[in-house]
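> build me a model:
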Amino acid sequence: METRFQVTVIQDEDDLAVFHKKKTERFAEYDFAGSRVSSGRNSIHDYPAMLHPLLVDDLLEEFGKPGQHFYDPFCGSGTSLVQAVKRGLIAYGTDINPLALLIAHVRGTNIDPEEYEKHLKVFTEEYPTFTPSIPEIKNIEYWYGNDVVNDLGKIRNAISRIDNNQVKMLFLTAFSTTVRKVSYTKKGEFKRVRMSPAQIEKQFTDTYGIYLRTLAGYYSVLQKDKLHDNFHLFQRDLRMGIPFDEKIDLIITSPPYGDSRTTVAYGQFSSFGLEWIKGLNPFGDADLRLDNYLLGGSYSRSSEKSNISQNLNDTLNLIALKDIKRAREVGIFFTDLLICIKNIARQLNENATVCFIVGNRNVKGITIPMDTIIVDFFEYFGLEHIATRVRKISNKRMAIKNSPSNIKGETCTTMNYEYIVIFKGR
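Numbering: from 1, shown residues only. This next block holds a predicted model:
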């Protein structure tokens, strides 16, 4: 039983020969070592685990055509959507995170210069007169200095008065970035981790100046890189179905690799911005509980043995030998993912192409072969597995090591490689 997992794990370049029997090959040209993930429109607002735009471009070049319906079911901050629209595809994106959708919208939109300048002039002239509008935030004094809270409240009040939706969303996105920059959270962390007292003591914060510089930088990016406005965004839990009727020709997406609590903490990362823009974001509100609503986030649901993927069953059995609770949690995540894949498969045009970009994470020292599990899932719903291409991760902002046993000091490699798993409708 254990052998089947060992052959799905790349430890080094010498192990790659076993993959050719499984339609899997190493694609060094997809590594993009030294190439920035965040550039141009994709530099607007930081976001965890973003797709590499050059990878998306290569896949669009191979499989996409202008006028096709493109869909990213886990669109996050919209990297794939921006690249698809640049190539003339009609892009659709769904995500459960309202902040991600706000960022994606701004990255994919164009701003009228006259409207921007008009509202910026009003903002800068009237800012000193505004009273702070401070939303209810738990432990606000733990995460922000008093002067910072006052300045953020005034900026929030000013933004709330903007009557042009496109301009307002740009101002909100810059505000979300600023909120995180001026907080006491450790820089470079996705989770909520407070600075040390010594670091806080040294921090000098020009909140208003940081905001204006961030806003000007984002606006400059949008003006340099005009796009055709041909994309559609939906705030949606994909387990509830797809919220549009159009049939899809091409999917390029990177789903979560595991539940948000133990992989990438999208909810914790987004919580700073979401707290301050509450009631102002056209895509809705959320809070720290967001992670509970992501795939695998609710442990109250049942996890039954799969009759679709023996790879998944064998993996869960191995994890259960070490920790039955963790095995159940992993099972819930894949149950949720299976529901999403079922809904995706129903929405595809005949001969559609699907590219799922996944990683094989470690749980309790067991590598989960997500690349082969999703092959089982998609083949069950009638798609043909064409190829799996392997790229080395060198520039994606996510954890490379974790503690699989949750014992301090014990770590192992989580994901050094990504798998681009390609399917065709039939």
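
> and the pLDDT at the most centrally placed residue in the chain?
In the chain, the residue lying closest to the centroid (Cα atoms, centre = their mean) is residue 76, at 3.8 Å. Listed pLDDT for residue 76 reads 94.

> just residue 39 next, same as before
For residue 39, pLDDT reads 84.

> and it, how many neighbours?
12 (other Cβ atoms under 10 Å). All C-beta atoms are positioned from the backbone trio N, CA, C, and that covers glycine.

> could you do the one 5 residues further on as well?
Look at residue 44: counted by other Cβ under 10 Å, it has 26 neighbours.

> for residue 114, same thing?
By other Cβ under 10 Å, neighbour count at residue 114 equals 8.

> now it: which helix or strand?
Assigned by DSSP states H and E, residue 114 falls within helix 113-126.

> buried residues in that helix, which are they?
For helix 113-126, burial by neighbour count (16 or more other Cβ atoms under 10 Å) applies to 116, 119, 120, 123.

> chain center to whichever helix or strand comes after it, what's the gap?
Following helix 113-126 in sequence order, the next helix or strand is helix 140-143 (DSSP H and E). Taking Cα atoms, centre = their mean, to the nearest Å, the mean C-alpha location of helix 140-143 is offset from the chain mean by 26 Å.

> also stretch 178-195?
In terms of Cα atoms, centre = their mean, the centre of stretch 178-195 is found 18 Å from the chain centre.

> for the protein, which segments count as strands?
Taking DSSP state E as the test, the strands found in the chain are 24-26, 69-72, 90-95, 231-235, 248-253, 348-358, 362-363, 366-367, 384-392, 401-402, 412-413, 417-424.

> elements contacting the helix holding residue 114?
Counting contacts by 3 or more Cβ pairs under 8 Å, 6 or more residues apart in numbering; DSSP states H and E, helix 113-126 packs against helix 146-160, helix 165-181, helix 207-224.

> ok, and what's touching that helix?
158-159, 161-162, 164, 166-167, 170-171, 212, 215, 219, 223 (Cβ atoms under 8 Å, 6 or more residues apart in numbering).

> swap in 7 Å and give it another go.
158, 162, 164, 167, 219 (Cβ atoms under 7 Å, 6 or more residues apart in numbering).

> which among those residues count as buried?
Listed as buried from the contacts of helix 113-126 are 158, 162, 167, 219; burial here means 16+ other Cβ under 10 Å.

> dump the residue contacts of the last one.
Read that as residue 219. 111, 116, 170.

> same deal with the first one?
With contacts defined as Cβ under 7 Å, 6+ apart, the neighbours of residue 158 are 123, 126, 127, 130.

> list just the nearest of the residues you listed to residue 199.
The closest of the contacts of residue 158 to residue 199 turns out to be residue 127 (Cβ to Cβ; 28.4 Å).

> and for the closest one, the neighbour number?
As a burial measure, residue 127 scores 16 neighbours (other Cβ under 10 Å).

> what pLDDT does the model give it?
pLDDT, read off for residue 127, is 95.

> again with residue 36
Residue 36 is given a pLDDT of 77.

> how far away is it from residue 53?
According to Cβ to Cβ, to the nearest Å, residue 36 and residue 53 sit 9 Å apart.

> more neighbours, those two?
residue 53 (23 against 13).

> pull the contacting residues for the more buried one.
Residue 53 neighbours (Cβ under 7 Å, 6+ apart): 42, 79, 83.

> just residue 186 next, same as before
Listed by Cβ under 7 Å, 6+ apart, the contact set of residue 186 reads 193, 195.

> give me that answer again for 8 Å
193, 194, 195, 199.

> just residue 39 next, same as before
residue 53 are the contacts of residue 39 under Cβ under 8 Å, 6+ apart.

> how close does it get to residue 122?
Look at residue 39 and residue 122: by Cβ to Cβ, they are 31 Å apart.

> same check, this time on residue 269
31 Å.

> again with residue 275
25 Å.

> and the contacts of residue 186, which is closest to residue 390?
Of all these, residue 390 sits closest to residue 193, with 32.2 Å by Cβ to Cβ.

> neighbours of that closest one, how many?
Residue 193: 12 surrounding residues under other Cβ under 10 Å.

> so the nearest residue to it once chain neighbours are set aside versus residue 37, what's the distance?
In space, and not counting its chain neighbours, residue 193 is closest to residue 186: 4.6 Å by Cβ to Cβ, 6 or more residues apart in numbering. Counting by Cβ to Cβ, the separation of residue 186 from residue 37 is 21 Å.

> residue ranges with poor pLDDT in the stretch 251-400 of the chain?
Filtered on pLDDT under 70, the stretch 251-400 of the chain yields the residue ranges 259-265, 287-294, 296-306, 395-400.

> that one: helices as residue ranges?
Under the criterion DSSP state H, counting those that start in this stretch, the stretch 251-400 of the chain contains helices at 266-276, 290-293, 310-322, 324-346, 370-380.

> and residue 284, which of those helices is closest to it?
helix 266-276 (9.6 Å).

> by contact count, what packs against that closest one?
Counting contacts by 3+ Cβ pairs under 8 Å, 6+ apart, helix 266-276 is packed against helix 98-107, helix 165-181, helix 290-293.

> quick check: the residue lying closest to residue 91 once chain neighbours are set aside vs residue 82, distance?
Nearest residue to residue 91 in three dimensions, chain neighbours excluded: residue 231, at 3.9 Å (Cβ to Cβ, 6+ apart). From residue 231 across to residue 82, the span is 8 Å (Cβ to Cβ).
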